[in-house]
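[1] got a predicted structure here, sequence first:
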Amino acid sequence: MAAEKDQQKDAEPEGLSATTLLPKLIPSGAGREWLERRRATIRPWSSFVDQRRFSRPRNLGELCQRLVRNVEYYQSNYVFVFLGLILYCVVTSPMLLVALAVFFGACYILYLRTLQSKFVLFGREVSPAHQYALAGAVSFPFFWLAGAGSAVFWVLGATLVVIGSHAAFHQMEAVDGEELQMEPV
């Protein structure tokens, strides 16, 4: 196993790699693989925010076509816009930071406790799923006081506005064969 890691380190170029850029908190598994796939398919940010590429669509058909093509083409960029809006919402809300700290602190305490011995409550062994549900129940009042529900809807609304307006007004590059299509008269 150690030899495999040494071979991987030798195979990686000098500098930053995908494994050093991803947070260490994300365990190797489905979440990390999904995030790596998103990072691999991200489009250049320079073409994503190029102001010369924005214009008003001529009709409803063009608007719908732009929405579909831009969402397909810039899907990974939109995921990172969504994650950025979540991060902005959490950082600008101190009470939400406290609620998240309480939740993750409770999860960490439960994790440490299960490493020592099995967690027993009222004479019954508590499964890990029930333990995390208990952590959620303990931290629920903090999330309620922090206004987590309104934060979720703010993030969803802001995401729809930002992504929807970008997808509607950003012109796509012409694809081969599209230039030869005739416009209806």
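    Right, received. Where do you want to start? Being a predicted model, the structure only gives us computed values, none of them experimental. Numbering: from 1, shown residues only.
[2] show me what contacts R56?
    F169 (Cβ atoms under 8 Å, 6 or more residues apart in numbering). To be clear about C-beta, it is placed using only N, CA and C from the backbone, and glycine gets the same treatment.
[3] wait, a strand at K118?
    No: according to DSSP: H, G, I helix; E, B strand; the rest coil, K118 belongs to no strand; its state is coil.
[4] is it correct that it is in contact with E125?
    Yes: using Cβ atoms under 8 Å, K118 is in contact with E125, at 5.3 Å.
[5] report the buried residues of the helix or strand harbouring E33.
    According to DSSP states H and E, E33 maps onto helix 30-40. If you call a residue buried by 16 or more other Cβ atoms under 10 Å, then helix 30-40 has these buried ones: 35, 38.
[6] which strands and helices lie in contact with it?
    helix 18-21, helix 75-91 (3 or more Cβ pairs under 8 Å, 6 or more residues apart in numbering; DSSP states H and E).
[7] with distance to H166 as extra columns, can I get the ones you listed in TSV?
    Shown next, in TSV, are the helices and strands packed on helix 30-40 (distance: least, Cβ to Cβ, whole Å):
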stretch	distance to H166
helix 18-21	24
helix 75-91	8
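[8] how close does E173 sit to A106?
    From E173 over to A106 the distance is 49 Å, taken as Cβ to Cβ, to the nearest Å.
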